[in-house]
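Novice: coords please:
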Amino acid sequence: MPTPDELAARAIGERIQNIRTRTGRTRAVVAGLVGRSEDWLRDVEKGRLQHPPGLEMLLRIGQALGVRDLTEITGDHELLVGISRRAGHPVVPAIREAIEGVDLAAVPSPINPTELAARVDRAWRLWHTSATPRADAGAMLPELIRDGRRALRTLDGPERRTAAAALSGAYALSEQVLAWVADAPLLWLAADRCMSAAEIADDPVTLASAAWVLGNVWRSTGREEDAYRLASDAVELLEPQLDGDADAQALWGACQLHSAISAARMGREGDALRGIDQAIGMARALPAGSAHPWTLFGVANTEISAVSVQVDLRKSGGALDAASAVDPNAIPSVDRRARLWLELSRAYAQQHDWLGTLGALRTGTAVSEESMRCHPLARSLAAELVPHGGRLNERESRALAGRLGVTA
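Specialist: Numbers count the residues shown, from 1 in each chain. This next block holds a predicted model:
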C-alpha cells in the first residue's frame, strides 16, 4: 500500500485508482454509481480526459469510493469537504434520521408487539410487490424503526423478544432499501442494529436472517470471505431447526444461496455450485406456496441465483442456459424479477452481444425502473451500451441511459 508521502505526488486519477483497487471496488461498480461508463472512469484514472472531473463529479466519485473527505482524492489539504452521508433516493434522509436518532421521550402509549410484527410483514410484502419498492416500502420504515425501538424500551419477557424480532425485520428491510443509494456507514449501522435486535429476540431463525443481512453488506463492501463464513455459520445454526420448520428451511436455503454468490465472487466455482445444488434441493422440498417473508426463498429465486453465479464466474454461456429455465412470471418479487433481466444483460455484455444487452436491460427497466436506476451495474451497462452498441443501437441506448439517469 502506498505511503502518504508517495500518494502526495500522485495525480487525482492515480489516487482514485489506488483507492478503488485498495477497497476492492471494480471500475464497473464505481462508474455505475456516478452515472458514467467504465471507459470514462478508466480515462479519468489514466489522466486521458481533456477536461478533468469538476468538484461535483469528484464528490460523487468520493461517495462511490467511501472516502472520508475529498482530500483523499485531491491531495489539496485546504479543501476539506465531508462526503460520507450519501442520499441517492428521497427516502434515505428519513430512514437515516430514524436509525441514527436518539429518542428519550416517554412512550405515549403501549406498543403491541404482534401488531408491530404484522406491520413489518406488510412492509416486506410491499417491498416485494411494488414496482417502486424503495419509495413505497421505504416510506413505512421510519415509523416502524421508531416504534420497534420504543417497544424494546418498554416491554419485557416474550413480548420484548417478539418486538425485537420485528425490529430486526425492519432493520433488515432498511438494508435492502438503502443498498446502493446510501453511504456504507449507514448500511453498516442498519445491519449491525439488525443483528443486535436479533440477539435480543434469541431465536435461531431471526439470528440467521440477520446474518443474511449482515452478509449482504460484507459482500457489497469487498468482504466476500467474511460473508461466506457468516452464511456457513448461519446454515450450521439452522441445522437443528429444519425438521418441520418451513421458515428455518427457507432461511437455510437462502443462506446457501448467499454462500454460493460469495464463493462465485471469489472465483471458487466448486463451492458456488455446491451451494446452488444444496439450495435447489431444499427449494423443491418446501411445501408449495411457502416462502420466508424477507428472502422469498423458493425455486424461482434459486434459479435466479444460479444465473448470478454463472455471470460472476464469467461463464456467460452457462448463465444464458440457466436463465432459459426461469419463468419470470413465477418470481414473487418485482425487484428480483428486474434483477433476472439485469443478470441476463450482464451475460450478454460478457459476450459483447450489445443488442441482447440492450433488450435485457430495457425489459428489466420496464419491470422496475426504480430498481434499475438504483443499481450500479445497470447504470454501468447502460453507459457502456452507448459507445459499444453500434449505430444500430445508439439511439435507443441513449434513451435508456437517460431513463436510468446516466450521462453517457
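Novice: helix, strand or coil for residue 25?
Specialist: coil (DSSP: H, G, I helix; E, B strand; the rest coil).
Novice: correct me, but it touches residue 61?
Specialist: No - shown here, residue 25 and residue 61 do not form a contact pair, counting by CB atoms under 8 Å, at 10.8 Å. The C-beta positions use only the backbone N, C-alpha and C, and glycine is treated the same way.
Novice: So the two - more neighbours on which side?
Specialist: Between residue 25 and residue 61, counted using other CB atoms under 10 Å, the more crowded position is residue 61 (25 against 19).
Novice: Now the more buried one. Nearest residue, chain neighbours left out?
Specialist: residue 34 (5.7 Å; CB to CB, 6 or more residues apart in numbering).
Novice: Isn't that neighbour up against residue 58?
Specialist: No - here residue 34 lies out of contact with residue 58, judged by CB under 8 Å, at a distance of 9.7 Å.
Novice: Neighbour count for those two, which is higher?
Specialist: More neighbours surround residue 34 than the other of residue 34 and residue 58, with 25 against 21 (other CB under 10 Å).
Novice: Tell me where the stretch 101-250 of the chain has strands.
Specialist: Applying DSSP state E, counting those that start in this stretch to the stretch 101-250 of the chain gives no strands.
Novice: where in the stretch 51-200 of the chain is pLDDT low?
Specialist: For the stretch 51-200 of the chain, the stretches flagged by pLDDT under 70 are 51, 56, 76-87.
Novice: the helices in it, which residues?
Specialist: For the stretch 51-200 of the chain, the helices defined by DSSP state H, counting those that start in this stretch occupy 55-65, 71-74, 92-100, 113-129, 133-154, 157-178, 184-201.
Novice: how about TSV for the ones you listed, with distance to residue 344 added?
Specialist: Below are the helices of the stretch 51-200 of the chain laid out as TSV (distance: least, CB to CB, whole Å):
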stretch	distance to residue 344
helix 55-65	25
helix 71-74	35
helix 92-100	29
helix 113-129	20
helix 133-154	20
helix 157-178	22
helix 184-201	27
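Novice: I'd like to know which of those lies nearest to residue 293.
Specialist: helix 113-129 (4.9 Å; CB to CB).
Novice: Can you give me the separation between the residue most central in space within the chain and residue 266?
Specialist: Per CA atoms, centre = their mean, the C-alpha nearest to the average position across the chain is that of residue 179, at 4.3 Å. Distance of residue 179 to residue 266, computed by CB to CB, to the nearest Å: 20 Å.
Novice: and the residue nearest to the centre of the chain, what does it touch?
Specialist: 187, 216, 220, 374 (CB atoms under 8 Å, 6 or more residues apart in numbering).
Novice: State the pLDDT value of residue 408.
Specialist: pLDDT, residue 408: 57.
Novice: do the same with residue 4
Specialist: Model confidence at residue 4 (pLDDT) stands at 43.
Novice: Quick one: neighbours of the closest residue to residue 293 other than its chain neighbours, just the number.
Specialist: Leaving aside its sequence neighbours, residue 293 sits nearest to residue 124 (CB to CB, 6+ apart; 4.9 Å). Other residues within reach of residue 124, judged by other CB under 10 Å, total 23.
Novice: do the one 5 residues further on as well
Specialist: Residues near residue 129, counting by other CB under 10 Å, number 14.
Novice: and the closest residue to it other than its chain neighbours, how many neighbours?
Specialist: Nearest residue to residue 129, sequence neighbours excluded (CB to CB, 6+ apart): residue 334, at 6.2 Å. For residue 334, the neighbour count with other CB under 10 Å is 19.
Novice: what residues are up against the residue nearest to residue 61?
Specialist: 41, 57, 60-61, 64.
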